[in-house]
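Student: structure of the sequence below:
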Amino acid sequence: MSLLEDLQWRGIVYQQTDEEGIENTLGKEAISLYCGVDPTADSMHIGHLLPFLTLRRFQKEGHRPIVLVGGATGLIGDPSGKSEERNLQTLETVQHNVDCIKNQLKRIFDFESENGAIMVNNYDWAGSMDIVTFLRDYGKHVGVNYMLAKDTISSRLETGISFTEFTYTILQAMDFLHLYENHNCKMQIGGSDQWGNITTGLELIRKMAPEGSKAYGLTIPLVTKADGTKFGKTESGAIWLDPEKTSPYEFYQFWINTADADVIKYLKFFTFLSREEIEGLEKAVQEEPHLRKAQKTLAEEMTRLIHGDEALEQAIKITAALFSGEIKNLSASEIKQGFKDVPSYEHSEGEELGIVDLLVAAKISPSKRQAREDVTNGAVSVNGERITELDYTLSDKDKIEGQFTVIRRGKKKYFLIKY
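Tutor: Alright, predicted model coming up:
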C-alpha cells in the first residue's frame, strides 16, 4: 500500500484539498509537511496525538516533519471549536508551556536522521511584527467575506468574537506561508476543526508565493467513542502526556480499558502496527474477547511510545499486583501511582496502630463492631496479606519504604495509609 492508501485504510483521512495532487506529489518526491499545536497548557493530552502520530507516519516513509509550537498563536487564541473567547495567557506562561510541549514532542519524532524533524515556534517570526506590516502585507490578501464564510468564525457571530480571535486564521496562514518559503513545506495536516485555517494558508500561498507554487492540506477526523462519550476524558479528567498529571499507570489503564467496539479503530489510529498485525488482533477480539489481547497491545504500544519501556514495565507490574493482591512487591513510587485515587488516611508517627482502631479512624469500617467482624471474617488484608487477629498491630514491616500501608476491605475496596 502507498502511504495515502494506508492512511485511508486506517480511517485517518477526513478531507484533502487536492487528493490527486497529494497522491502524485507523494509518489514522486519526499516533501516537508507540518502540524502545529498551541501551548494552551503545559502539557498535551491524548486528544492532540492523532495529527502528530500521522505526521510521524509521513516521517517513517521518508518525508520531513516540521513540528510547530505556537508561541504567537497561543497568545491570541484559536476560535476553532470554541463557543466563547479564550482567556488570554501571559507571555511567561505561554513560554513555559512551549518548553514543556517541546519535550513531549521529542518523544514522538526522530530529530536525528537524514529526514529528521524540525521544531519551530511561530513567535520567532510573528512575535516582533508590527501592526502596519501585518495589515499591509498579510491582511490585504484575506477578504472579510472569505473569513466570514469560515465555520470557525461564522459559528461565533451570534455569541460574539473579538477582532483578536477573528484574525487568528490569518496568523496561522502566515505560518504556512513562512514554512513554505523557508522550509519548502508543501503540506499542512491537522484535526478536522483546522480545515478553515489550513485553507486560509493555501490562499495566502496562492496570492503571495511565486506563480505556480503548490501546497496542500489534509485533515484528520475527530476521534469518537462507539458509546457516544468523549474520547480522552475520564471521571478524573483529561488524559495528559505529562506523567505528573496522568501517571504512566493511569495512562496504561486508560488504553487497556478500551471497549471492544473501539479497540481496533484505536489500533489503526494510534499505533504503528502493520495491517496484518491489526487484522490478527481483530480476529482475537471476535474469537477470544475475554483475553483482551487487542487492549493489552494498544496499552503497551501507547505507554511505550509516550513514557518509555521502563514506565511500561512499571505500569504492567502495578496492574498485575492489583489484580493478584500481591502489594508487597510494589515500591513506594508504584504505590503512589497505583493508589492515586483511593481514599487515604494520614497517620501520625509514633502512635501505635491496632488494626481495629485503624479501620475505624481511617473510615474503612463504619464502627468498631463492624471492624472486628471484618477482621474475624478475613475481609481485611494489609499489603495483600489477610489479617484475622483482632489484636494485630501494624509495625515498620507493614510500611512500604516507611511511607505507605495498603489496606483492602473485601475484594476490591482499597485504602491507603500514609506516614
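Student: and the closest residue to residue 81 other than its chain neighbours, how far is that from residue 82?
Tutor: Residue nearest to residue 81 in three dimensions, not counting chain neighbours: residue 193, with 4.7 Å by CB to CB, 6 or more residues apart in numbering. The way it works is simple: take the backbone N, C-alpha and C, and place the C-beta from them, glycine included. Look at residue 193 and residue 82: by CB to CB, to the nearest Å, they are 10 Å apart.
Student: same check on residue 317?
Tutor: In this view, residue 317 and residue 82 are 41 Å apart by CB to CB.
Student: check residue 139 too.
Tutor: According to CB to CB, residue 139 and residue 82 sit 22 Å apart.
Student: who touches residue 316 in this structure?
Tutor: The contact partners of residue 316, by CB atoms under 8 Å, 6 or more residues apart in numbering, come to 252, 300.
Student: check residue 249 too.
Tutor: 314, 315, 318, 319, 334, 337, 338.
Student: secondary structure element for it?
Tutor: Taking DSSP states H and E as the criterion, residue 249 maps to helix 248-256.
Student: what's the mean pLDDT across the helix or strand following that helix?
Tutor: As assigned by DSSP H and E, the chain's next helix or strand after helix 248-256 is helix 260-270. Mean pLDDT, helix 260-270: 97.
Student: go through helix 260-270 and flag the buried ones.
Tutor: Within helix 260-270, the residues that qualify as buried are 262, 263, 264, 265, 266, 267, 268, 269, 270, counting by 16 or more other CB atoms under 10 Å.
Student: just the angle for it relative to helix 248-256, thanks.
Tutor: Orientation of helix 260-270 against helix 248-256 (axes from the mean of the first three to the mean of the last three CA atoms, to 10 degrees) gives an angle of 110 degrees.
Student: pLDDT-wise, which helix or strand of this protein ranks last?
Tutor: The helix or strand of the chain with the poorest confidence is strand 233-234; it has a mean of 76 (mean pLDDT, DSSP states H and E).
Student: other residues contacting the next helix-or-strand element following it?
Tutor: Going down the chain from strand 233-234, the next helix or strand is strand 237-238, by DSSP H and E. Residues from elsewhere that reach strand 237-238, judged by CB under 8 Å, 6+ apart: 45, 46, 47, 232, 246.
Student: partners of the nearest residue to the last one once chain neighbours are set aside in the sheet?
Tutor: Excluding its sequence neighbours, the residue lying closest to residue 246 (CB to CB, 6+ apart) is residue 240, at 4.3 Å. Here residue 240 shows beta-bridge partners residue 45, assigned using DSSP bridges.
Student: residue 240 reaches residue 45, doesn't it?
Tutor: Yes: with contact defined as CB atoms under 8 Å, residue 240 reaches residue 45; the gap is 5.0 Å.
Student: coming back round to it: in CSV: the contacts of strand 237-238, plus neighbour count and distance to residue 202.
Tutor: Below are the contacts of strand 237-238 laid out as CSV (neighbours: other CB atoms under 10 Å; distance: CB to CB, whole Å):
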residue, neighbour count, distance to residue 202
45, 17, 28
46, 21, 29
47, 16, 25
232, 16, 29
246, 24, 36
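Student: could you identify the most distant pair in those?
Tutor: The most widely separated members of these, counting by CB to CB, are 47 and 246 (12.4 Å).
Student: contacts only, for residue 307.
Tutor: With CB under 8 Å, 6+ apart, residue 307 has these contacts: 243, 248, 251, 315.
Student: so who does residue 128 touch?
Tutor: Contact partners of residue 128, counting by CB under 8 Å, 6+ apart, are absent.
Student: how far away is it from residue 134?
Tutor: For residue 128, the distance to residue 134 - CB to CB - is 11 Å.
Student: counting neighbours, what do you get for the nearest residue to residue 70 once chain neighbours are set aside?
Tutor: Closest residue in space to residue 70, ignoring its immediate chain neighbours: residue 38 at 4.2 Å, by CB to CB, 6+ apart. With neighbours defined by other CB atoms under 10 Å, the count for residue 38 comes to 27.
Student: assess the claim that residue 38 and residue 68 are in contact.
Tutor: No: in this structure, residue 38 is not within contact of residue 68 by CB under 8 Å, at 9.4 Å.
Student: output the below-cut-off pLDDT ranges for the chain.
Tutor: Low-confidence segments of the chain (pLDDT under 70): 83, 349-350.
Student: residues in contact with the most centrally placed residue in it?
Tutor: Residue closest to the mean C-alpha point of the chain, counted by CA atoms, centre = their mean, is residue 46 at 1.8 Å. Residues in contact with residue 46 (CB under 8 Å, 6+ apart) are 231, 232, 238, 239, 240, 241, 254.
Student: run through the bridge partners of residue 191.
Tutor: Applying DSSP bridges to residue 191 yields these beta-bridge partners: residue 220.
Student: so how far is residue 69 from residue 305?
Tutor: As judged by CB to CB, residue 305 and residue 69 stand 19 Å apart.
Student: more crowded one of the two?
Tutor: Neighbour totals were compared for residue 305 and residue 69, and residue 69 leads with 24 against 17 (other CB under 10 Å).
Student: quickly note the distance from that one to residue 379.
Tutor: On the measure of CB to CB, residue 69 and residue 379 end up 52 Å apart.
Student: repeat for residue 315
Tutor: Distance from residue 315 to residue 379, by CB to CB: 28 Å.
Student: ok, now residue 415?
Tutor: For residue 415, the distance to residue 379 equals 13 Å [CB to CB].
Student: what do these two both touch?
Tutor: Jointly contacting residue 415 and residue 379 under the rule CB under 8 Å, 6+ apart are residue 409.
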